[in-house]
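J.: okay, predicted coordinates and the sequence, questions at the end:
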Amino acid sequence: MASALLLVPAALASFILAFGTGVEFVRFTSLRPLLGGLPESGGPDARQGWLAALQDRSILAPLAWDLGLLLLFVGQHSLMATETVKAWMSRYFGVLQRSLYVACTALALQVYYHVLGLGEPLALKSPRALRLFSHLRHPVCVELLTVLWVVPTLGTDRFLLALLLTLYLGLAHGLDQQDLRYLRAQLQRKLHLLSRPQDGEAK
């Protein structure tokens with residue numbers, strides 16, 4: 001009972017942190033530039049605007065596409081997450097069941113990109129960013145290294161596995177001066193954007 005009570009402050013702190021992060025995200029993105037020109041909600045102008053929008057085919061058609069794409073993504077996630085589908089996939093695909101789930105998720109996202117005319121996601125990145133990605137390991141590898149090394153006991157087989165994967169991840173992580181200059185430029189750009197005064201603040 002006492003140990004369970006000790007979890008209450010930690011859970012409360014986690015909730016406050018998550019809630020505060022959400023509030024800060026909303027404040028940071030600032031919806032005022034998007035909503036500034038709209039009439040007050042609930043007024044007669046707002047109701048007329050909604051009625052006009054619901055009768056405008058140029059608005060309804062994109063909304064229908066958005067709804068269809070959302071239902072495709074949600075439906076794929078929900079259907080393939082059911083116990084019945086997972087049992088069927090495990091029976092016929094075995095250990096590849098999870099890989100098939102991820103592949104179908106990627107396919108749903110590719111349909112989304114195709115409909116919006118966005119093409120390959122990486123095609124939107126600059127050549128300097130693509131060059132960096134080819135030299136940089138994914139941050140999730142830090143989690144993998146933590147799981148491999150931070151254990152109470154390290155047997156010979158576990159040590160060999162951790163050592164080989166650490167060498168593999170380390171050798172593939174080869175940033176050079178050009179990558180570092182790109183990262184430094186991106187950091188300066190973000191710091192410059194964050195230092196700019198927001199609308200309504202004193203300049």
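T.: Perfect, thanks for sending it.
J.: show the pLDDT at residue 89.
T.: Residue 89 is assigned 90 on the pLDDT scale.
J.: next, the buried residues of whatever helix or strand it lives in.
T.: In this assignment (DSSP states H and E), residue 89 forms part of helix 83-93. Going by neighbour count (16 or more other Cβ atoms under 10 Å), the buried part of helix 83-93 is residue 89. In this view, the C-beta of every residue, glycine as well, is placed from N, C-alpha and C.
J.: which helices and strands sit right next to that helix?
T.: helix 57-80, helix 97-115 (3 or more Cβ pairs under 8 Å, 6 or more residues apart in numbering; DSSP states H and E).
J.: let's see 6 Å
T.: Judged by 3 or more Cβ pairs under 6 Å, 6 or more residues apart in numbering; DSSP states H and E, the packing partners of helix 83-93 are helix 97-115.
J.: following the helix it packs on, which helix or strand comes up?
T.: Using DSSP H and E, the helix or strand that follows helix 97-115 in sequence is helix 127-135.
J.: pLDDT on the helix or strand just after that following helix, on average?
T.: For helix 127-135, the following helix or strand on the C-terminal side (DSSP H and E) is helix 140-149. When pLDDT is averaged over helix 140-149, the result is 81.
J.: pull the CA atoms of helix 140-149 into CSV?
T.: What follows is helix 140-149, C-alpha atoms only, in CSV (Å, rounded to 0.1, in the frame of the first residue of the first chain):
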residue,chain,number,x,y,z
VAL,A,140,16.0,5.1,-31.4
CYS,A,141,19.4,3.4,-31.6
VAL,A,142,20.2,5.1,-28.2
GLU,A,143,17.3,3.2,-26.7
LEU,A,144,18.6,0.0,-28.2
LEU,A,145,22.1,0.6,-26.7
THR,A,146,20.5,1.3,-23.3
VAL,A,147,18.6,-2.0,-23.4
LEU,A,148,21.7,-3.9,-24.4
TRP,A,149,24.1,-2.5,-21.8
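J.: right, I'll call it a day here.
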